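> Any chance you can model this:
(chains A and B)
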Amino acid sequence: EAAVTQSPRNKVTVTGGNVTLSCRQTNSHNYMYWYRQDTGHGLRLIHYSYGAGNLQIGDVPDGYKATRTTQEDFFLLLELASPSQTSLYFCASSANSNERLFFGHGTKLSVL
Amino acid sequence: GEQVEQLPSILRVQEGSSASINCSYEDSASNYFPWYKQEPGENPKLIIDIRSNMERKQIQELIVLLDKKAKRFSLHITDTQPGDSAMYFCAASENNNAPRFGAGTKLSVKP
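Below you'll find the predicted structure:
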């Protein structure tokens, strides 16, 4: 089974705080994604990348930056966290955009 | 990006009966349609998928149907069991574009 590791698993911060969520995949996959999961909205795409140094904007990008530093590592940055960003964040990877996704175990973020 | 609509949001069935979840998409370029199952506290996992060159695919009790003209696809679970209780997500994607997901269906199978 392909491996996607997210850290931290849980994070609590205050409004205006600075948060970095990390994701590493060891699948040699080209694509990596950040989604947020909220009740009633399913999985919404924040940002994605098809290789080191590449970044594509998703559907709900406001308030988020992302950086793909290597083939393996994809980071999600919240520079001024707001309560509306309280959510469950999933990172995923796939060989190509129209191949199955492998998800990490998620990061539960609470912004107080 | 692609927009995917998924219905129903909640589905309750009796053990042994069938469950059906329907999704629709907008972009005719979409060519890959996976279904993911998410159990409480877990991450989503692929259970079955279908590509645009097929109309029907079956893996054991799971059947997916794809109607490209109508831009609709569906998941059918036959002979449901309590272990099928979970959240189910459909998704659609095309070449060089990230998958977009439906809002999810919470399936409850009553013994």
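> anything in stretch A:71-80 near chain B?
No - contact of stretch A:71-80 with chain B (C-beta under 8 Å from any C-beta of the partner chain) is absent, the minimum separation being 12.6 Å. Every C-beta, even on glycine, is put in place using the N, C-alpha and C of the backbone.
> got the phi/psi numbers for residue A:83?
phi -60, psi -30 (degrees, to the nearest 10).
> max-length strand in chain B?
strand B:86-94 (DSSP state E).
> I'd like the next helix or strand past that strand.
strand B:97-101 (DSSP states H and E).
> got a list of what residue A:50 touches?
With contact taken as C-beta atoms under 8 Å, 6 or more residues apart in numbering or on different chains, residue A:50 is in contact with A:30-31, A:56, A:97, B:96.
> Also residue A:58?
Residue A:58 touches A:33-34, A:44-48, B:1, B:98, counting by C-beta under 8 Å, 6+ apart.
> With secondary structure and neighbour count as new columns, can those be given to me in CSV?
Shown next, in CSV, are these (DSSP: H, G, I helix; E, B strand; the rest coil; neighbours: other C-beta atoms under 10 Å in any protein chain shown):
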residue, secondary structure, neighbour count
A:33, strand, 26
A:34, strand, 28
A:44, strand, 17
A:45, strand, 23
A:46, strand, 24
A:47, strand, 25
A:48, strand, 25
B:1, coil, 17
B:98, strand, 28
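> Spatially nearest residue to residue A:21 (excluding sequence neighbours)?
residue A:76 (4.3 Å; C-beta to C-beta, 6 or more residues apart in numbering or on different chains).
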